[in-house]
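Student: this one's sequence-less:
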């Protein structure tokens, strides 16, 4: 098989029923979900497979559910001999990429995801905030949109003309109105529980930092391109620092993919639920080859 870059999706890619087919057929998946249920103290398999959607959408459930599903698919691909040169993940997906890169074990990474998701949910209650997608704005317009009374920052640079902003609820509402006045194609509020990748996530920093420092980070077997810098990293201490930065910093996804292109990579596999990253990939690097593998059928067809 050709060598690839592995990409892992983040929050927003979840759906009720994800992972059930893999769980039913693969012993390794059953094992991962069993371990996950024990670490999390909730039946994440039941929530993933049967919902209800409102329960799955809660940050403290969404993040470990996506992470566990993605790891099950990745493990199956590894079992059939997939090769890869580097990894990256979008926000939460960066933690899955750490496992694929050999930096963290599944158990340690899930423990970290557990703390991150719980603390982000808490931060959303301590410092209430929200997010909005801004479609079709140029850089000057984005700058004007973010100039509000209150916190409004760029949270995700997902694709050319596709930005997510994050901040205080009244300020985000005002930013949406500014976008409409500027004639931006679309400005949509997102159904999220907090202002992720913004200064409003600061309350989560201490607990996340303490957990990061308590874990053993290995040198990666392949580079991991991290959200905070969009650069490939192989130093465990820099990886740890960037993980903490990611909490309040934008996800620099466009730069990440562009840097991969500069580094000579052109074949990508999105591993996890949905096809969000494949869609972004087509806009950032249309000449690249990208597959989305999130179901047993998709992985089996890819292996043929």
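Tutor: On my side now, so go ahead. Remember, predicted model here, so these are calculated numbers, not experimental data. Numbering: from 1, shown residues only.

Student: Which parts of the stretch 201-304 of the chain are strands?
Tutor: Taking DSSP state E, counting those that start in this stretch, the strands of the stretch 201-304 of the chain run over residues 224-225, 232-233, 267-271, 289-293.

Student: Pull out the buried residues from the longest strand anywhere in the chain.
Tutor: Longest among the strand segments of the chain by residue count, using DSSP state E, is strand 152-159. Within strand 152-159, the residues that qualify as buried are 152-159, counting by 16 or more other Cβ atoms under 10 Å. All C-beta atoms are positioned from the backbone trio N, CA, C, and that covers glycine.

Student: List the contacts of it.
Tutor: 90-91, 131, 142, 145-146, 163-168, 171-172, 174-175, 195-199, 250-255, 279-280, 283-284 (Cβ atoms under 8 Å, 6 or more residues apart in numbering).

Student: Tell me where the model's unsure across the stretch 101-250 of the chain.
Tutor: Counting by pLDDT under 70, the stretch 101-250 of the chain contains no low-confidence segment.

Student: returning to what we had before: ok now the longest strand of the chain, how far from the chain's centre?
Tutor: When C-alpha coordinates are averaged (Cα atoms, centre = their mean, to the nearest Å), strand 152-159 and its chain have centres 13 Å apart.

Student: What of stretch 23-36?
Tutor: Relative to its chain's centre, stretch 23-36 lies at 22 Å (Cα atoms, centre = their mean).

Student: Now do that stretch, average pLDDT.
Tutor: The average pLDDT within stretch 23-36 is 97.

Student: Enumerate the positions of it that are buried.
Tutor: By neighbour count on 16+ other Cβ under 10 Å, the buried set for stretch 23-36 is 23, 26, 29, 32-33, 36.

Student: ok, now stretch 166-174?
Tutor: For stretch 166-174, using 16+ other Cβ under 10 Å, the buried residues are 166-168, 171-174.

Student: likewise stretch 77-89?
Tutor: Taking 16+ other Cβ under 10 Å as the neighbour-count basis, stretch 77-89 is seen to contain the buried residues 77, 82, 84-89.

Student: who touches it?
Tutor: Where contact means Cβ under 8 Å, 6+ apart, the residues beyond stretch 77-89 that reach it are 1-10, 28, 94-98, 100-101, 222-227, 232, 256, 260, 265, 269, 271, 293, 299, 302-303.

Student: Just the ones of the buried residues of stretch 166-174 in strands?
Tutor: Residues of these located in strands (DSSP E): 166-167.

Student: possible to save the buried residues of stretch 166-174 as a markdown table with distance to residue 41?
Tutor: Putting the buried residues of stretch 166-174 into a markdown table (distance: Cβ to Cβ, whole Å) gives the following:
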| residue | distance to residue 41 |
| --- | --- |
| 166 | 29 |
| 167 | 32 |
| 168 | 32 |
| 171 | 36 |
| 172 | 33 |
| 173 | 36 |
| 174 | 40 |
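
Student: From the buried residues of stretch 166-174, pick the one nearest residue 213.
Tutor: Looking at those and their distance to residue 213, the nearest is residue 166, at 26.0 Å (Cβ to Cβ).

Student: contacting residues for that closest one?
Tutor: Residue 166 makes contact with 129-131, 152-155, 172, 195-198, 200 under the criterion Cβ under 8 Å, 6+ apart.

Student: Please report the distance of it from residue 133.
Tutor: Taken as Cβ to Cβ, to the nearest Å, the spacing of residue 166 relative to residue 133 amounts to 11 Å.

Student: burial of residue 225, as a residue count?
Tutor: When neighbours are counted by other Cβ atoms under 10 Å, residue 225 registers 27.

Student: wait, it sits on residue 239?
Tutor: No - between residue 225 and residue 239 there is no contact under Cβ atoms under 8 Å: 11.0 Å.
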